[in-house]
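**Q** Provided below for reference: sequence and predicted model.
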Amino acid sequence: MTLFLNAAHASGLVTFTSPNPQVSGLFGTSVATNGPIVVVGAPQETGGGYSSAGHAYITDTTKPLTITLTSSNPQVDGSFGTSVAISGTTVVVGAPQEDAGGNAQAGNAYVFDAASGDLVCTLTSPNPQATGSFGFSVAISGQTVVVGAPF
């Protein structure tokens, strides 16, 4: 994945690769940035021993540091990292194919602290439904988090 740090002038090119490169890991499926902090989703990477559980990565372009984020509830085909968003030091990651509330593929979203990578909370649909895909899209502005469930 290549990132333009100053897209208006196509300068400052930086190339990121997954710290956990895998064939068909889909690193770069989702990306978000806030200043020098970049968040990248890789929803098909194997994580925690689960195929396609997914990862997300936080990179500070001013430091040689990458934080790996994983689901607190990793599952086969959970697709953690399908969507990512950042505001300030808060990162939101969607895992739309995870089972939740006893429903297959109802989905979850996770809120993390960008500086530490610590999990702040897990968001689940107030009305989880099988194949609802809660977490398919995520957005954040300040303290307001929005999570999409298209099905």
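**A** Nice, thanks for sending it over.
**Q** can you give me the helices for this protein?
**A** With DSSP state H as the definition, the chain shows no helices.
**Q** which stretches of it form strands?
**A** 2-6, 11-15, 30-34, 37-42, 55-60, 65-69, 83-87, 90-95, 108-113, 119-124, 137-141, 144-148 (DSSP state E).
**Q** TSV for those strands, including distance to residue 24, mean neighbour count and mean pLDDT?
**A** In this view, the C-beta of every residue, glycine as well, is placed from N, C-alpha and C. Output for the strands of the chain, formatted as TSV (distance: least, Cβ to Cβ, whole Å; neighbours: other Cβ atoms under 10 Å; pLDDT from 0 to 100):
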stretch	distance to residue 24	mean neighbour count	mean pLDDT
strand 2-6	19	12	55
strand 11-15	19	10	68
strand 30-34	16	18	96
strand 37-42	10	24	96
strand 55-60	13	24	95
strand 65-69	18	17	92
strand 83-87	18	23	99
strand 90-95	18	28	99
strand 108-113	22	23	99
strand 119-124	26	15	98
strand 137-141	22	18	99
strand 144-148	24	15	98
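**Q** how about these in JSON lines, adding distance to residue 130?
**A** Shown next, in JSON lines, are these (distance: least, Cβ to Cβ, whole Å):
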{"stretch": "strand 2-6", "distance to residue 130": "37"}
{"stretch": "strand 11-15", "distance to residue 130": "40"}
{"stretch": "strand 30-34", "distance to residue 130": "23"}
{"stretch": "strand 37-42", "distance to residue 130": "23"}
{"stretch": "strand 55-60", "distance to residue 130": "25"}
{"stretch": "strand 65-69", "distance to residue 130": "26"}
{"stretch": "strand 83-87", "distance to residue 130": "20"}
{"stretch": "strand 90-95", "distance to residue 130": "15"}
{"stretch": "strand 108-113", "distance to residue 130": "14"}
{"stretch": "strand 119-124", "distance to residue 130": "14"}
{"stretch": "strand 137-141", "distance to residue 130": "19"}
{"stretch": "strand 144-148", "distance to residue 130": "17"}
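**Q** and these: which comes nearest residue 101?
**A** The closest of the strands of the chain to residue 101 is strand 119-124. By Cβ to Cβ, the value is 6.1 Å.
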